[in-house]
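Asker: Let me see the structure of the following:
(2 chains)
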Amino acid sequence: MLQHDVLIVGSGLAGMRAALEVSNDPTLDVAILTKVHPLRSHSGAAQGGIAASLGNSAEDSWDLHMFDTVKGGDYLVDQDAAEVLTREGPENIFELEHMGCAFSRDDEGRVAQRRFGGHTAPRACYAADRTGHAVLTVLFEQLLRRGVKVYSEWYALDLVVKDNVCQGLVAYDILSGQIEAISAKAVMFGTGGYGRAFRVTTNAFASTGDGVVMAYRAGIPLEDMEFVQFHPTGLQGSGILLSEAARGEGAHIVNSDGFRFMENYAPGRMELAPRDIVARAEQSEIEAGRGVTALRDSVFMDLRPIGEDRIRYALPSVLHLARDFAGIDPLDAPVPIQPTAHYSMGGIPCDINGQVRIKDLDGAPEVTGFFAAGEASCVSVHGANRLGTNSLLEAVVFGRRAGRGILDVVHDLEPTNIAEGDMADAVGEVDKFLRADGPEKVGQIRAELRDTLMDKCGVFRDDAQLRECLGEVKEYQERFQRVAIDDHGSTFNTDLLDAIELGHMLEYSEVIVTGALARQESRGGHARRDFPTRDDDNWFRHTLAYRPRDGEDGPRLTYSDVNMTPQYREPFPLQERTY
Amino acid sequence: MAQQQFIIERYNPDTEESYEESFDVDVQPGQTVLDSLNAIKWEQDGTLSFRMSCRHAICGSCAMKVNGQSMLSCQTQVDSAAERGDPIRVGPQGNQNVVKDLVVDVTKFLDQFDRAETWLEPHEGQDPPEKEYRQKVEEFDHWSHASTCIHCGACYSDCTVAAVDENFLGPAALAKAYRFVMDSRDSKREERLQFLSEEQGGIWDCTRCYMCVQACPKDVLPMDAIMELRTMAIEAGFTNNHGTRHHKGFTSGVRKRGRLDEMMLPVQSVGIGRLLTGNISAHKEMMDYTPGAIRLLKSRKLLKIAQRHGANAAGREQIQRIFEEVETEKHHHNVDAEAFGAEFETAIGGH
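Answerer: Residues are numbered from 1 along each chain as shown, chains lettered A, B, ... in the order given. You can find the predicted model right below:
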């Protein structure tokens, strides 16, 4: 059995930032475990910026940033968390800058800031349009500098929790095929989101919700899983992200009539309305027959109003992505785009110190020694819809806070010990796939699942489609029992990992659909055709979904209150949300 | 839809067997090599292993050889990789051990970043500013391209020096070192330049073949960074090394004789002063030239080299003028840069 004081799973911004913080205490043994090398983490794909009210381009304040965040999240945002995010934003940016982050600069040599959807001030700090990459790189550099131990290309299989105390986890060394128990006094999950269950997505192949499912299987309820953000500007077909920075810099979105239709949906903000609003508008235009291209399944984003020099300087990745992946040169022609599953608002419930808590129970008891941060977590700082550039900030701010939260408690936690019997589930799962013999194929079920979620649980949802969707997900779960894989080897067996990941996708997809079916209102990323308005009387609350126990045929839903007690100011009261 | 043949170089670690396998894939317009590998894996043979994640050229997982050249498979369209009807060959990256199929052991490549200490070293005993360090747009623009490295290893895979020298830091780590040498926030500029000049496998070991620049899927231009590092290292006074002596011997020979003096170059590279003072390691270095010299003797090339004359008077004069012009231009460039820097400091109030 391997042993560490602190084990961090996931090596994106949240995980690495937390590990750095923990490594400030030289008496602690901290390690990171990740299924892809840290530099491959999906945080690196974030393009447009990281928000903070530095006020470098125009007057700004954390209050204003907080208000934008709360309103952007359609008021489902926990206001204690939004306050932390926005108050601590600037110091976190300066810290990254001091570590050497390659931020773009303004004429006075300060960190440059640009406009972004839903933000009333230009507060997106950026590194051209590769901001996630710049932050990910600098955190990894600092991790190397500190000499933090990294289990690279190790796959976490199972979180071990006994009597509400986290013991550690069971993991699989992808290179050797060995299964090892790793005990730790504190475990933090920064395992990312779950967008891979949708056909059209910006998410990396790795974003299969492994962490949320491990927590769910360990008996922890998942929060607000039905809230999945569809980004308005994915490349048609593949869904590859074209940064919102394009609109921040002045790109237009038009329908088949060449009309900037946001005029009809958010006249005050046009293309820079929050993502849920732009995505819904696009989908409405497409469904009304005003889509473009032969398939009429997309609308156009036109970058030409920005001007060639500025596109080349500020949006080089957008330029290359459109050329390399759609064969279109944005300097000459508009680019067909469509809503694409992008960000998971839901996740593992935790407080503002990253401590995982069962929020629906009295006093919200903690899961001792278990922490979460970043997209895998649900603090909930984004509520029903995340604003662009708030995710990188969340990962850094709450990664650091989780690190500090761990430092606060870890010395008082008992050493843990994972027994042979605790490994049985994980060993059994791997064994089952290596021996399985059946007619079903992972790739086939996965493709069907992604179609189903995209078409029946996408930008717009309704009762009938969600019921169909749920039935199909259950059918896939059942077929998955008869799946077989080709590769039975022990070295770099990605066929096996694909199967395990599909198991995760099938499990959380059921939670997404169940939560969506129950929530009879439209709020942020969850838009119901049959309940088109927000219903604060009945649905101003977070969903919590428990894994079905024997005899239950689906996740058990409970609910918890939205936090309205920020520490340094009055809460922002519920208001109608218009832009 | 058209059919495309892929020939994949495979390796089975259990049987330690290397072999080629051919697959036919239906391809759509716009389909990438990675899409095709996935089609093979998901529909034909699940045992095929390769790394991938973001599938849009930012995570750096899927660099591999396509028709012999390293590139990101996700960024490479099938149409651009093959003439119609020709098969596409896909193999693992070079200069690293194969783990399975298209998966290589990237440890050696990634360890070079650790070895070159490619992270920011802040100024010791000096608190950072309350807000951000100020950095000129022009400064940022000068090095930011080198910060776009996605550590995919394509440059290292195709590097002709890494192929023969395990010790070479490699294009990516050197480009990253350059990025920190250039960054005004870093406190170790001198130490870095010294290390990169004197370390076995540092900047002087690059042979300027340009393969790294060609392989890089981003805008890093590693070789250009290495050349700039050489200039900066010499200017910073790190000249007591084989590379600089070689460089100086090379240029002074050309300047004097109008052509390369290949007979003198080894002696100049090792250092005439070092040899005359009886420096033991210098004499050992000279001995390293012996096998090569013997080969040249045998093939009678050495004689031909020794018999070469310098350029005639007119040619020498012309070469003199080229040297002078380059040096004048460089001087002007430096003066402009300094003036600009002073102006900027004044403009931002000497932060």
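Asker: Pop the domain breakdown of the chain in here.
Answerer: Unless you meant another one, I'm taking chain A. In terms of domains, chain A is parsed into A:2-47+A:132-227+A:345-420, A:229-338, A:421-530 (source: automatic domain parsing).
Asker: sorry, should have said chain B
Answerer: Following automatic domain parsing, chain B resolves into domains at B:2-104, B:107-238, B:243-325.
Asker: The longest one vs chain A: in contact?
Answerer: Yes: using CB under 8 Å from any CB of the partner chain as the criterion, contacts between domain B:107-238 and chain A involve B:110, B:113-114, B:117-120, B:122, B:128, B:130-137, B:140, B:144, B:147-151, B:179-180, B:183, B:185-186, B:219. Yep, even glycine has a C-beta here, placed from its N, CA and C like the rest.
Asker: Give me the neighbour count for A:R549.
Answerer: The number of residues packed near A:R549 is 8, by other CB atoms under 10 Å in any protein chain shown.
Asker: With mean neighbour count added, can I get the domains of chain B in CSV?
Answerer: CSV is the format used below for those (neighbours: other CB atoms under 10 Å in any protein chain shown):
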stretch, mean neighbour count
domain B:2-104, 19
domain B:107-238, 20
domain B:243-325, 14
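Asker: So which elements touch the longest helix along chain B?
Answerer: Criterion DSSP state H: the longest helix present in chain B is helix B:313-347. Packing partners of helix B:313-347 (3 or more CB pairs under 8 Å, 6 or more residues apart in numbering or on different chains; DSSP states H and E): helix B:242-257.
Asker: can you list contacts of the helix it packs on?
Answerer: B:197, B:202-205, B:230, B:233-234, B:238-239, B:259-261, B:264-265, B:267-271, B:285, B:310-311, B:316, B:319-320, B:323 (CB atoms under 8 Å, 6 or more residues apart in numbering or on different chains).
Asker: Which members of those occur in strands, if any?
Answerer: Judged by DSSP state E, the subset of the contacts of helix B:242-257 located in strands is empty.
Asker: Tell me where the stretch 351-500 of chain A is predicted with low confidence.
Answerer: Scanning the stretch 351-500 of chain A for pLDDT under 70 picks out no residues.
Asker: Please identify the most buried of the domains of chain A.
Answerer: Ranked by mean neighbour count under mean count of other CB atoms under 10 Å in any protein chain shown, the domains of chain A are led by domain A:2-47+A:132-227+A:345-420, which reaches a mean of 24.
Asker: re earlier: can you list the domains of chain A in CSV and add distance to A:R569?
Answerer: Below are those laid out as CSV (distance: least, CB to CB, whole Å):
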stretch, distance to A:R569
domain A:2-47+A:132-227+A:345-420, 15
domain A:229-338, 22
domain A:421-530, 23
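Asker: Could you export these as TSV, including distance to chain B?
Answerer: Shown next, in TSV, are these (distance: least, CB to the nearest CB, whole Å):
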stretch	distance to chain B
domain A:2-47+A:132-227+A:345-420	4
domain A:229-338	5
domain A:421-530	3
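Asker: ok, which stretches of the stretch 401-550 of chain A are strands?
Answerer: Secondary structure of the stretch 401-550 of chain A by DSSP state E, counting those that start in this stretch: the strands cover A:460-461, A:527-528, A:541-546.
Asker: Show me what counts as buried in stretch A:556-571.
Answerer: Residues of stretch A:556-571 classed as buried by neighbour count (16 or more other CB atoms under 10 Å in any protein chain shown): A:L557, A:Y559, A:S560, A:V562, A:N563, A:M564, A:P566, A:P571.
Asker: Next one: the fifth one relative to A:G554, how far apart?
Answerer: For A:N563, the distance to A:G554 equals 28 Å [CB to CB, to the nearest Å].
Asker: Next, work out how far apart the closest residue to A:G193 other than its chain neighbours and B:A339 are.
Answerer: Leaving aside its sequence neighbours, A:G193 sits nearest to A:S344 (CB to CB, 6 or more residues apart in numbering or on different chains; 3.6 Å). According to CB to CB, A:S344 and B:A339 sit 52 Å apart.
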